[in-house]
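In: return a 3D structure for these sequence lines:
(one chain, ligands or ions: 1)
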Amino acid sequence: MDYLPTIGLEIHVELKTTTKMFCDCPNNPDEPLPNQNVCPVCLAHPGALPVPNREAIEDVIKVGLALGGKINPTTKFDRKNYFYPDLPKGYQISQYDQPLVLGGALLGVRLHRIHLEEDTARLVHQSSMINDHSPASLVDFNRAGVPLMELVTEPDLHSAEAVANFAKELQLILRYLGVSDADMEKGQLRIEPNISLSEIADERGLDADKRGKLGTKVEVKNINSFRAAFSAVEYEIKRQTEVLERGEKVVHENRGWDDDKKKTVSQRSKEEAHDYRYFPEPDIPPFETEIFSPEELKTALPELPAELRDRFQKEYGFTAAQAEVLVTEPDLAKFYEQAESELKYREQDEPHAEHRRKSQALLFNYLTSDLKGLLNETGKTVADLKVQPEHLAHLADLLAEGSVMSRQAKDMLRRMFDTGDDPEDILAAEGRAVTDESALLPVIKEVIAEQPKAVGDYKAGKEASMQFLVGMAMKKLQGKSNPEVLRGLFVAELKTD
Ligand SMILES: [Zn+2]
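Out: Here you go, the predicted structure:
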């Protein structure tokens with residue numbers, strides 16, 4: 001029997017707002033000391049009143065607009081009741097039946113809804129003895145009340161690869177929008193796939209009662225990387241297939257991904273949804289989203305990855321793969337565009353179109369391989385760069401017109417990287433490549449006079465001798481010329497001889 005995996009995603013995203021969701025405590029995920037960013041509101045002291053964070057609501061509206069969702073005209077917060085030590089109030093303020101965003105889609109996957117809630121505190125399980133006390137679980141409330149966006153998809157995914165791609169594209173969009181760093185390792189983007197298998201009819205067909213029926217759902221938690229998301233879904237598809245093939249039933253449950261053992265393990269049987277006894281949050285009245293001016297937020301949206309892929313290919317003649325290199329690294333893309341605007345020739349048309357294309361290609365290569373290599377080597381980021389975009393553009397132009405050879409350019413780039421020097425100043429100090437014919441001709445003639453044997457060999461048809469002659473000329477010019485130009489001059493000179 002063949003089975004079709006059907007996967008839906010629940011994704012939680014920590015928003016990087018200045019303050020927490022319902023109080024003015026700092027929202028600082030990097031706070032090293034526990035219980036520093038706390039107050040009566042996020043510690044749930046009796047009588048403390050929550051005030052919704054405007055920035056967080058605007059962030060969710062922006063995500064909704066970027067994903068083509070509908071902003072709910074009226075929305076409200078609800079209490080989701082459950083008991084757990086990381087939840088000081090005994091309930092989480094979330095959104096139940098009137099979420100901020102309805103619908104939308106990403107990579108062909110339909111979105112069900114996006115809503116806003118608050119994060120829980122962090123539990124730290126201490127396995128060793130502290131000060132002679134028994135092993136204990138400690139609670140750090142720094143994270144309690146941090147704005148958390150929850151995005152729920154329709155069950156439109158059918159493979160581990162689709163899950164990983166969806167998550168990566170969402171991460172990119174969140175970063176472009178500047179609403180979250182969405183770092184999975186830090187728990188800022190948490191993906192919970194629910195996976196079920198349904199039978200696919202073979203040539204004998206399915207029994208009537210099985211047609212179009214989805215199998216039992218299993219939800220997977222504790223996924224903290226794209227690789228883990230991929231592996232967990234793959235594992236779960238395989239596990240459920242084996243259960244069904246043994247003639248057993250898949251149990252409706254939550255399973256945790258064990259990244260060391262590379263398997264999912266049973267957690268607890270899934271509680272029923274109505275256990276949460278949702279009811280409207282009495283301290284925050286329902287509100288109209290119009291007060292957040294969604295139209296203005298929409299106009300102010302930045303260019304998004306899909307638009308950028310398209311524009312980079314059209315505007316700069318990039319391949320899809322080249323465009324992707326820049327799209328996945330927004331800092332690099334910004335640097336490229338700043339540098340590109342400083343290239344010598346702006347004309348799209350003749351006579352400079354060819355030079356411009358050449359400079360664009362060189363700029364791309366020197367940025368994404370050489371300069372990126374230097375960044376990786378030194379552990380620096382684009383923000384640390386001493387190289388100015390206009391200087392890299394100038395280097396690309398010098399290369400395109402043959403004033404600088406690639407070996408020399410690489411040395412120059414290294415120096416620009418270390419000191420921030422202008423390539424013009426480096427050239428003034430080191431000398432630029434000689435490509436002017438009248439300056440080169442005496443050197444060519446000198447070499448011909450000094451190397452009668454190589455000249456004779458070349459005339460007798462030995463092509464390799466030309467390499468030698470060009471090499472000798474380059475040596476006299478201390479490497480600062482263009483081998484192609486030299487070769488042309490030698491060929492012309494030896495023809496008329
Ligand atoms: Zn607080």
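In: alpha carbons only for contacts and neighbour counts from here, please
Out: Noted.
In: where does the stretch 301-450 of the chain have low pLDDT?
Out: In the predicted model of the stretch 301-450 of the chain, residues 347-349, 432 satisfy pLDDT under 70.
In: just want the residue of it that's nearest the ion.
Out: Nearest residue of the stretch 301-450 of the chain to the ion, counting by CA to the ion: residue 301, 29.8 Å away.
In: now whichever residue of the stretch 51-200 of the chain sits closest to the ion: which helix or strand?
Out: Of the stretch 51-200 of the chain, the residue with the smallest distance to the ion, taken as CA to the ion, is residue 145 at 7.0 Å. For residue 145, there is no enclosing helix or strand under DSSP states H and E.
In: I'd say it and residue 24 touch.
Out: No - Residue 145 is beyond contact range of residue 24, at 10.1 Å (criterion: CA atoms under 8 Å).
In: quick check on residue 64: phi, psi?
Out: phi -60, psi -40 (degrees, to the nearest 10).
In: tell me how many other residues surround it.
Out: When neighbours are defined as other CA atoms under 10 Å, residue 64 has 27 of them.
In: let me see the contact set for the nearest residue to it once chain neighbours are set aside.
Out: Sequence neighbours aside, residue 101 is the residue nearest to residue 64 in space, at 5.8 Å (criterion: CA to CA, 6 or more residues apart in numbering). With CA atoms under 8 Å, 6 or more residues apart in numbering as the criterion, the residues that contact residue 101 are 60-61, 64, 69-72, 113-115.
In: can you say which of those residues are buried?
Out: For these, a neighbour count by 16 or more other CA atoms under 10 Å gives the buried set as 60-61, 64, 69-72, 113-115.
In: follow-up on the earlier one: of residue 145 and residue 24, which one has the most company?
Out: In this comparison of residue 145 against residue 24, neighbours counted by other CA under 10 Å, the higher total goes to residue 145 at 29 against 18.
In: who are the neighbours in contact with residue 262?
Out: With contact set as CA under 8 Å, 6+ apart, residue 262 has these partners: 231-232, 235.
In: can you lay out those as CSV showing pLDDT, distance to residue 244 and neighbour count?
Out: CSV is the format used below for those (pLDDT from 0 to 100; distance: CA to CA, whole Å; neighbours: other CA atoms under 10 Å):
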residue, pLDDT, distance to residue 244, neighbour count
231, 97, 20, 21
232, 97, 18, 26
235, 97, 14, 17
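In: intersect those residues with the contacts of the ion.
Out: Contacts with the ion are made by none of the contacts of residue 262, judged by CA under 5 Å from the ion.
In: and residue 47, helix, strand or coil?
Out: Three-state secondary structure (criterion: DSSP: H, G, I helix; E, B strand; the rest coil) places residue 47 in coil.
In: re earlier: and which of the contacts of residue 262 is nearest to residue 141?
Out: Of all those, residue 232 has the smallest distance to residue 141: 29.7 Å, by CA to CA.
In: could you report the neighbour count for the nearest residue to that closest one once chain neighbours are set aside?
Out: Ranked by CA to CA, 6+ apart and with sequence neighbours excluded, the top spatial neighbour of residue 232 is residue 257, at 6.2 Å. If you count neighbours by other CA under 10 Å, residue 257 ends up with 24.
In: and residue 257, what helix or strand is that in?
Out: According to DSSP H and E, residue 257 maps onto strand 253-258.
In: CA atoms only for that strand - export them in PDB, please.
Out: Taking C-alpha atoms only, strand 253-258 is exported to PDB below (Å, rounded to 0.1, in the frame of the first residue of the first chain):
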ATOM      1  CA  GLU A 253      -0.100  12.100  20.200                       C
ATOM      2  CA  ASN A 254       2.700  14.700  20.600                       C
ATOM      3  CA  ARG A 255       6.200  13.400  19.900                       C
ATOM      4  CA  GLY A 256       9.500  15.100  20.600                       C
ATOM      5  CA  TRP A 257      12.400  15.200  18.200                       C
ATOM      6  CA  ASP A 258      15.600  13.700  19.800                       C
END
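In: next helix or strand past that strand?
Out: Using DSSP H and E, the first helix or strand after strand 253-258 is strand 263-269.
In: buried set for stretch 224-240?
Out: Of the residues in stretch 224-240, those scored as buried under the neighbour-count criterion (16+ other CA under 10 Å) are 224-226, 228-237, 240.
In: so for stretch 236-252, what's the average pLDDT?
Out: Mean pLDDT, stretch 236-252: 94.
In: could you tell me how many residues sit around the closest residue in space to the residue of the stretch 51-200 of the chain closest to the ion that isn't next to it in sequence?
Out: Spatial nearest neighbour of residue 145, excluding adjacent residues (CA to CA, 6+ apart): residue 118 at 4.7 Å. When neighbours are counted by other CA under 10 Å, residue 118 registers 22.
In: residue numbers of the chain in contact with the ion?
Out: Taking CA under 5 Å from the ion as the test, the list of the chain residues beside the ion reads 23, 25, 38-39, 42.
In: I'm done for today, thanks for sticking with me.
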